[in-house]
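Engineer: Structure of the sequence below:
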Amino acid sequence: MHTTMPDIAHSADALQTGKLDWVGMGNIELPLLFTSKGLSDTHVTAKADAFVNLQKEDAKGIHMSRLFLALDTLSCEQSLTPKTLTQVLDSFISSHQDLSNAAKVSITFELPLRRPSLLSKKQGWKSYPITITAILVDGVAQIELGVDVTYSSTCPCSAALARQLIQNAFADKFQQATVDTEQVHAWLGTTEGVLATPHSQRSIANIKVLLPADSEEFDILALIDQVEDELKTPVQAAVKREDEQEFARLNGQNLMFCEDAARKLKALFEHTAYQDFYIKINHYESLHAHDAVAYAVKGIENGYKA
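Structural biologist: Numbers count the residues shown, from 1 in each chain. Down below sits the predicted model:
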């Protein structure tokens, strides 16, 4: 005798009634085909968090398998675009009629990009952590694109102190009234001539932007290029000696506190089409055991908070 399997989420009484902001699943393994302007479609191994709200106060729970299967369709039959992501959210809600009117999905993955060196024009791989978060509420979708960009920051204070030491060493070395140019040139090429260097460190800019409502495609490459071009000192992949020398020059000509980096990027994003932006600057200090951190947001009503 065949009997209908029980559906506890649908038929059982809730132990405690009440609405819930989000209910769903986290860390779902999800191979995806990522589509973005200027790039070939890229296979990535992602992790996804999927949620709906629970509006029906006496409902026992949601149907999590329906969220999972909607994401599986995206994984197996489609590529990841703003349109397909919105379709996934719509599927979340339509499969939870009378229970939910809002859906959210967050997808994280590493995006490998071929990046040229500074001067030698060699190529190498760099991976960028990407987070795409989309929310659909009462038929209105918002899509957020996030990326972490790693760069080098050299301390302006440390640079000034190092220059002073070099000046003092120069004065001690060349006390005579007449200075021989070739002798000074040779001295500057020794460790005695440059006896101090400023401290620098690997730093990360955590960027989140809210895409325009009419966005039909992702453009992660443009976002990364904008940030790296503004900061001037992104970490490198393939490096020959001429590239390392150019990197040293760029660091010396672009000294920055975390405040400088945050202000540079805030000024950059204020002149873009993004609806909103969030910036967190992390300088992982080599001098200190703690980090130097700065935040900046666009500052719109109901927007990102620092």
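
Engineer: Now do the contacts for residue 257.
Structural biologist: Each residue near residue 257 by Cβ atoms under 8 Å, 6 or more residues apart in numbering is listed here: 153, 155, 156, 157, 283, 292. To be clear about C-beta, it is placed using only N, CA and C from the backbone, and glycine gets the same treatment.

Engineer: So for stretch 31-41, mean pLDDT?
Structural biologist: The average pLDDT within stretch 31-41 is 98.

Engineer: Would you mark the buried spots in that stretch?
Structural biologist: 32, 33, 34, 35, 36 (16 or more other Cβ atoms under 10 Å).

Engineer: The third one against residue 40, yeah?
Structural biologist: Meaning residue 34. No. With contact defined as Cβ atoms under 8 Å, residue 34 does not count as touching residue 40 (9.9 Å).

Engineer: Highest neighbour count among the contacts of residue 257?
Structural biologist: Using other Cβ atoms under 10 Å as the neighbour criterion, residue 153 leads the contacts of residue 257 with 29 neighbours.

Engineer: chain center to the helix or strand containing that residue: distance?
Structural biologist: Here residue 153 sits within strand 140-154, counting by DSSP states H and E. Mean C-alpha position of strand 140-154 versus that of the full chain (Cα atoms, centre = their mean, to the nearest Å) differs by 3 Å.

Engineer: who does it touch, helix- and strand-wise?
Structural biologist: helix 82-94, strand 123-137, strand 200-210, helix 220-231, helix 241-253, helix 258-269 (3 or more Cβ pairs under 8 Å, 6 or more residues apart in numbering; DSSP states H and E).

Engineer: Would you format these as TSV with mean pLDDT, mean neighbour count and distance to residue 192 included?
Structural biologist: Formatted as TSV, the helices and strands packed on strand 140-154 follow (pLDDT from 0 to 100; neighbours: other Cβ atoms under 10 Å; distance: least, Cβ to Cβ, whole Å):
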stretch	mean pLDDT	mean neighbour count	distance to residue 192
helix 82-94	97	19	59
strand 123-137	98	17	35
strand 200-210	98	20	22
helix 220-231	98	18	33
helix 241-253	98	14	19
helix 258-269	98	18	31
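
Engineer: so what's the residue sitting nearest the centre point of the chain bridging to?
Structural biologist: Centre of the chain computed as the mean C-alpha position; nearest residue by Cα atoms, centre = their mean is residue 147, 1.8 Å away. Residue 147 forms beta bridges with residue 130, residue 207, as assigned by DSSP bridges.

Engineer: got a list of what it touches?
Structural biologist: Residue 147 neighbours (Cβ under 8 Å, 6+ apart): 128, 129, 130, 131, 207, 220, 223, 224, 227.

Engineer: related to what we said a few turns ago, same list (the helices and strands packed on strand 140-154) but as CSV, adding distance to residue 51.
Structural biologist: What follows is these, written out as CSV (distance: least, Cβ to Cβ, whole Å):
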stretch, distance to residue 51
helix 82-94, 8
strand 123-137, 9
strand 200-210, 18
helix 220-231, 24
helix 241-253, 43
helix 258-269, 28
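
Engineer: Of these, which is nearest residue 3?
Structural biologist: Closest to residue 3 of the helices and strands packed on strand 140-154 is helix 82-94 (Cβ to Cβ; 28.4 Å).

Engineer: Return the closest of the contacts of residue 257 with respect to residue 194.
Structural biologist: Nearest member of the contacts of residue 257 to residue 194, counting by Cβ to Cβ, is residue 155, at 16.6 Å.

Engineer: wait, what's in contact with the closest one?
Structural biologist: Applying Cβ under 8 Å, 6+ apart to residue 155 gives the contacts 198, 199, 200, 255, 257, 287.

Engineer: okay if I get the residues you listed as JSON lines plus distance to residue 184?
Structural biologist: Converted to JSON lines, the contacts of residue 155 look like this (distance: Cβ to Cβ, whole Å):
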{"residue": "198", "distance to residue 184": "22"}
{"residue": "199", "distance to residue 184": "26"}
{"residue": "200", "distance to residue 184": "26"}
{"residue": "255", "distance to residue 184": "24"}
{"residue": "257", "distance to residue 184": "32"}
{"residue": "287", "distance to residue 184": "30"}
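
Engineer: what's the farthest-apart pair in the residues you listed?
Structural biologist: Most distant of the contacts of residue 155, by Cβ to Cβ, are 255 and 287, 14.1 Å apart.
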